[in-house]
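Visitor: heads up, no residue letters with this:
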């Protein structure tokens, strides 16, 4: 019996460690992603370019060229996005209205709670950031 308690204790400690480690990992990953996201549209491209440059062991000259390519294309992407952003917003607004129309009153109530939680989480991550134009 004493041996069984010892084994159960070890298993419980292991499981507790795995759960805590997983929670810390998820928290770190989410936090790291949000910090990258806050840096603006080009941040992910720069990070990916850095990763590729490291993986391929690019020379200094190749890294500079890659950085220029990423910066130039990021600017182009931002320009295109600015043009289509109002149209995308309208499409998402209509999609949201159409979806809401399919919900029962109970589902709508639950959906509104989910939306409030999502907005609260989003604003926690971006509350110190200036509002987008």
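Guide: Great, that's in hand. Not measured: the values here are computed from a predicted model.
Visitor: so what's residue 82 scoring on pLDDT?
Guide: As predicted, residue 82 sits at a pLDDT of 90.
Visitor: could you give the number of residues near the closest residue to residue 66 other than its chain neighbours?
Guide: Once flanking residues are discounted, residue 66 sits nearest to residue 49: 5.2 Å by CB to CB, 6 or more residues apart in numbering. Any C-beta I mention is one placed from the backbone N, CA and C, and that applies to glycine too. Applying other CB atoms under 10 Å, we find 19 residues neighbouring residue 49.
Visitor: residue 49 reaches residue 67, doesn't it?
Guide: Yes. Counting by CB atoms under 8 Å, residue 67 is a contact partner of residue 49 at 6.6 Å.
Visitor: what about residue 58, which SS state?
Guide: coil (DSSP: H, G, I helix; E, B strand; the rest coil).
Visitor: list the contacts of it.
Guide: Taking CB atoms under 8 Å, 6 or more residues apart in numbering, we find residue 58 in contact with 52, 66.
Visitor: phi, psi for it please.
Guide: Main-chain torsions, residue 58, degrees, to the nearest 10: phi -70, psi 150.
Visitor: that one and residue 52, how far apart?
Guide: For residue 58, the distance to residue 52 equals 8 Å [CB to CB, to the nearest Å].
Visitor: next: residue 9.
Guide: For residue 9 relative to residue 52 (CB to CB), the value is 47 Å.
Visitor: ok, those two, which is more surrounded?
Guide: residue 52 (13 against 10).
Visitor: contacts only, for that one.
Guide: Residue 52 makes contact with 58, 66, according to CB under 8 Å, 6+ apart.
Visitor: where's it, which helix or strand?
Guide: helix 42-56 (DSSP states H and E).
Visitor: other SSEs contacting the helix or strand following that helix?
Guide: Sequence-wise, the next helix or strand downstream of helix 42-56 (DSSP H and E) is helix 60-101. Using 3 or more CB pairs under 8 Å, 6 or more residues apart in numbering; DSSP states H and E as the contact test, the elements touching helix 60-101 are helix 42-56.
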